[in-house]
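**Q** Have a look at this prediction, sequence included:
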Amino acid sequence: MALMAVAFPIVPGQRDAWDKFMAEINGPRKADFAASRSRAGARERTFLQATPMGDLVLVTIEADDPARAFGQIVSEKSAFMAWFLAQVKAIHGVDLSLPMHDAPSKMVVDSGAVAAIAR
């Protein structure tokens, strides 16, 4: 399995909305969330990171092809994903429904590799 990580800022004033979003994901919408990631063959983990510039959300996608899995997740047509994407747009200011031409992040260092990954 390969790994991809993406950082999303929480828009100022949206921390309470993010907490409610996570409560939904970990509560009544948990089965929909898990099924969405399962259909893409991915495992997703989310971390909250406080920084001097504001809170960041770090999302990891673990899959055979994480960029493909991420694309499959965000392009899924379901009521759950419509809700999910609307939450992401309002809370993070990122419209994941727009087409992406590249993976959203690039690994640049891997301590398990001999050298830093080339640009």
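**A** Perfect, thanks for sending it. Just so we're clear, the structure is a prediction, and the values are computed from it rather than from any experiment.

**Q** from here on, contacts and neighbour counts on C-alpha atoms
**A** OK.

**Q** Low-confidence regions, the protein specifically.
**A** 113-119 (pLDDT under 70).

**Q** remind me, longest helix of it?
**A** Counting residues, the longest helix found in the chain (DSSP state H) is helix 79-92.

**Q** ok, and for that one, which residues are buried?
**A** Met81, Phe84, Leu85, Ala86, Gln87, Val88, Ile91, His92 (16 or more other Cα atoms under 10 Å).

**Q** This structure: strands as residue ranges?
**A** If you assign secondary structure with DSSP state E, the strands in the chain sit at 2-9, 43-49, 56-63.

**Q** Out of those strands, which is the most enclosed?
**A** Highest mean neighbour count of those: strand 56-63, a mean of 18 (counted as mean count of other Cα atoms under 10 Å).

**Q** Contact partners for Phe47?
**A** Taking Cα atoms under 8 Å, 6 or more residues apart in numbering, we find Phe47 in contact with Val57, Leu58, Val59.

**Q** can we see that at 10 Å?
**A** Ala7, Leu56, Val57, Leu58, Val59, Thr60 (Cα atoms under 10 Å, 6 or more residues apart in numbering).

**Q** If it is in a bridge, with which residues?
**A** Phe47 forms beta bridges with Leu58, as assigned by DSSP bridges.

**Q** how much space between it and Pro12?
**A** 18 Å (Cα to Cα, to the nearest Å).

**Q** orientation of the longest helix of the chain relative to strand 2-9 in degrees?
**A** 50 degrees (axes from the mean of the first three to the mean of the last three Cα atoms, to 10 degrees).

**Q** Point out the other helices and strands that helix 79-92 packs with.
**A** strand 2-9, helix 15-25, helix 30-39, helix 66-75 (3 or more Cα pairs under 10 Å, 6 or more residues apart in numbering; DSSP states H and E).
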